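In: Would you be able to build a 3D model of this:
(one chain, ligands or ions: 1)
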Amino acid sequence: VKTDLDRVADLLRRETGVSLKPEQMQSLAVALDRVQPGLDASGFLAARVEPARRAALMSALIDEVTVRETFFLRQREELEAVEWAALLDGAKAAGRDRVSVWVAACASGEEAYSLALLACEAFASGEPPVSILATDISGAALASARVGHYGRRSLRPLHDTARTRFFRHEGERLSVGEELRTVVTFAHHNLARDPIPPLGAGPFDVIACRNVLIYFDGDAIERVLSSLERALAPRGILILGAADRLCGSARRLAKLEHDHAPMRRPALRAPQHVAAAQANAARARVAQAVPTVEASRAADLHDVLRAADAGDLELAIGATARILRENPLDCDAQFIRGLAELGRGEAHAAVKSFRRVLYIDPAFGLAAFKLGRAYEACGERTSAYSAYERALRSPRAGDGRHALVLDHIGLGDVAAACAIRLRALSVKSRDPAGAGRAR
Ligand SMILES: C[S@@+](CC[C@H](N)C(=O)[O-])C[C@H]1O[C@@H](n2cnc3c(N)ncnc32)[C@H](O)[C@@H]1O
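Out: Here you go, the predicted model:
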């Protein structure tokens, strides 16, 4: 039976996409009391029928329950990997004079100002040709982003030169200077309810949507993710947060590496009989070792593998769809789906799937290689070229998980295959008539 507190949680989920776990219900009761001392769930529901109070109460509750933890240069590798000059070239080719960035769920502004700072550093002099739209659902977060005063903890990752150049002292704190402020515009936007991209905005060369999807349920993640993908410029990049990706991995099987063995088979060159034996062994291990909470995903993954084994790619795609409905950030299911689509000759769908794999796990080199293959199948050579280059740059050294995924294929094989494709593409672009030659 639903309690009034459950109903408030339902309203909150519909309004924001944020799905509270059972253990968070007590904090919701406390948050209501902070919105207005003495207010409980029934009081909140009753007050909501008064139109004047409805919006104010909901927005105050959102301010109370949203997690707004953030700091400058958080998960900096992915921000620092943005290639501003290349993005500007792409923007100009599309008839725009600046790089367009959207920081969705920007909290108190540090992420947006960090990107502004990196852009200023990348375009050494003058105002950078970059516009950053930074949005959040929380009015309180946006108010503090606009003020732009930050304490030591938030600024710690910045080096001294950056502090001196981009900030000025404001008592104990540092205040964001004009150089960064002119690049960033803050606005209210609700990822769960408002149009994506925000009205009148986009397409974007970069969208950062980090550490927010983790609070959403599967349906909301899928809706938001698909819309964000559509809001990107053709070669734009979507940056998800490490925590968002973890909500995929958290649902993985404890021994997911066993599942990966059969994934190698449709890839570069695992001999058929070895792959089949590995697939059988992997299935046997999965059958023994699946924790109950993951039982349904394991059963679905099992179906995917069985279907792929039998060459029934349609069935395989159907089974990945079941996993992805539950968790659109399941990297492995997304990857297998891409392979099956590529196998069925659905190159455009495969591009979409492999691109998504790379948003979820940017260091997944084999997915970048497969993305290159899919682009080639679509006839998009420039994009294929970039994908192979990306595959050569990843995975990052010391990323043990990729060793498991790649296993017998080996990073050397992927690198060699990339080099061959890159050579083939360069030959084609120099000598289009010889297109069939360099295979
Ligand atoms: C943990 S912060 C992430 C801040 C920043 N992106 C980062 O990674 O450091 C999460 C932010 O998501 C915002 N948020 C939650 N639900 C949202 C929604 N439906 N639409 C837009 N923002 C939302 C919260 O208000 C909060 O500021």
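
In: Tell me how far residue 167 lies from residue 152.
Out: According to C-beta to C-beta, to the nearest Å, residue 167 stands 12 Å off from residue 152. From N, CA and C alone the C-beta is placed, and that goes for glycine too.

In: Among these two, which residue is more densely surrounded?
Out: Between residue 167 and residue 152, counted using other C-beta atoms under 10 Å, the more crowded position is residue 167 (22 against 9).

In: Quickly list what the more buried one is bridged to.
Out: residue 176 (DSSP bridges).

In: quick one, what contacts it?
Out: Listed by C-beta atoms under 8 Å, 6 or more residues apart in numbering, the contact set of residue 167 reads 150, 155, 174, 175, 176, 177.

In: try residue 304
Out: Residues near residue 304 by C-beta under 8 Å, 6+ apart: 316, 319, 320, 323, 333, 336.

In: Now it: which helix or strand?
Out: Assigned by DSSP states H and E, residue 304 belongs to helix 295-309.

In: Just after that helix, pick out the following helix or strand.
Out: Next element after helix 295-309 (DSSP H and E): helix 313-326.

In: Tell me how far residue 31 lies from residue 136.
Out: Distance of residue 31 to residue 136, given as C-beta to C-beta: 18 Å.

In: Also residue 303?
Out: With distances taken as C-beta to C-beta, residue 303 is found 40 Å from residue 136.

In: Then residue 197?
Out: 15 Å.

In: Also residue 393?
Out: 32 Å.

In: Between those two, which is the more surrounded one?
Out: When neighbours are counted by other C-beta under 10 Å, residue 393 and residue 136 differ, and residue 136 comes out ahead with 27 against 14.

In: May I have the residues that are in contact with the more buried one?
Out: By C-beta under 8 Å, 6+ apart, the contact list for residue 136 reads 105, 106, 107, 142, 145, 186, 188, 189.

In: ok, which of those residues also contact the ligand?
Out: 105, 106, 107, 189 (C-beta under 6 Å from any ligand atom).

In: For stretch 321-340, buried residues please.
Out: Within stretch 321-340, the residues scored as buried using 16 or more other C-beta atoms under 10 Å are 322-324, 326-340.

In: now that stretch, how far from the centre of its chain.
Out: Stretch 321-340 sits 14 Å away from the centroid of its parent chain (C-alpha atoms, centre = their mean, to the nearest Å).

In: Give the rounded mean pLDDT of that stretch.
Out: Computed over stretch 321-340, the mean pLDDT rounds to 84.

In: what residues does the stretch 151-300 of the chain put near the ligand?
Out: Contact residues, the stretch 151-300 of the chain versus the ligand (C-beta under 6 Å from any ligand atom): 189, 190, 191, 192, 210, 211, 212, 241.

In: Point out where the stretch 251-400 of the chain drops to low pLDDT.
Out: Low-confidence segments of the stretch 251-400 of the chain (pLDDT under 70): 251-302, 305-306, 308-309, 395-400.

In: do that again at 50, thanks
Out: Along the stretch 251-400 of the chain, the parts satisfying pLDDT under 50 run over 251-293, 397-400.

In: in this protein, which spans are strands?
Out: Assigned by DSSP state E, the chain shows strands spanning 99-104, 130-136, 149-150, 167-170, 173-176, 184-188, 204-209, 232-240.

In: Who does the longest one pair with, and is each partner parallel or antiparallel?
Out: It stands for strand 232-240. strand 204-209 (parallel).

In: now the strand it pairs with: how far from the chain's centre is it?
Out: Distance, centroid of strand 204-209 to centroid of chain: 10 Å (C-alpha atoms, centre = their mean).

In: do stretch 14-30 as well
Out: In terms of C-alpha atoms, centre = their mean, the centre of stretch 14-30 is found 23 Å from the chain centre.

In: what's the span of it from first residue to last?
Out: Chord length of stretch 14-30, first to last residue, is 20 Å (C-alpha to C-alpha, to the nearest Å).

In: for the record, mean pLDDT for it?
Out: The model assigns stretch 14-30 a mean pLDDT of 92.

In: could you check whether it is close to the ligand?
Out: Yes - Stretch 14-30 lies within reach of the ligand by C-beta under 6 Å from any ligand atom, at 16, 17, 18.

In: tell me the contacts of the residue nearest to the first one when sequence neighbours are not counted?
Out: This means residue 16. Closest residue to residue 16 apart from its sequence neighbours, by C-beta to C-beta, 6 or more residues apart in numbering: residue 192 at 5.4 Å. Residue 192 makes contacts with 14, 15, 16, 17, 18, 137, 216, 220, 224, as judged by C-beta under 8 Å, 6+ apart.

In: Equivalent analysis for residue 303, please.
Out: 315, 316, 319, 322.

In: what does residue 129 give?
Out: 88, 91, 97, 98, 99, 123.

In: Could you check how far the spatially most central residue of the chain is from residue 161?
Out: Nearest residue to the geometric centre of the chain (C-alpha atoms, centre = their mean): residue 240, 2.9 Å. Applying C-beta to C-beta, the value for residue 240 to residue 161 is 29 Å.

In: ok, the closest residue to residue 68 other than its chain neighbours - how many residues close by?
Out: Distance criterion C-beta to C-beta, 6+ apart; nearest residue to residue 68, sequence neighbours excluded, is residue 107 at 4.4 Å. As a burial measure, residue 107 scores 26 neighbours (other C-beta under 10 Å).

In: Thought residue 70 was touching residue 107, still the case?
Out: Yes - using C-beta atoms under 8 Å, residue 107 is in contact with residue 70, at 4.2 Å.

In: My guess is residue 354 contacts residue 366. True?
Out: No - the criterion here is C-beta under 8 Å, and residue 354 misses it with residue 366 at 9.6 Å.

In: Quickly list what's touching both of these two.
Out: Jointly contacting residue 354 and residue 366 under the rule C-beta under 8 Å, 6+ apart are residue 335.

In: Next up, the contacts around the closest residue to the ligand within the stretch 251-400 of the chain.
Out: With C-beta to the nearest ligand atom, the shortest gap between the stretch 251-400 of the chain and the ligand falls at residue 359, namely 14.6 Å. Contact analysis of residue 359 by C-beta under 8 Å, 6+ apart lists 225, 229, 238, 239, 240.

In: Helices of the stretch 101-250 of the chain, start to end?
Out: In the stretch 101-250 of the chain, helices defined by DSSP state H, counting those that start in this stretch lie at 110-122, 139-147, 152-155, 160-166, 178-181, 218-230, 242-249, listed in chain order.
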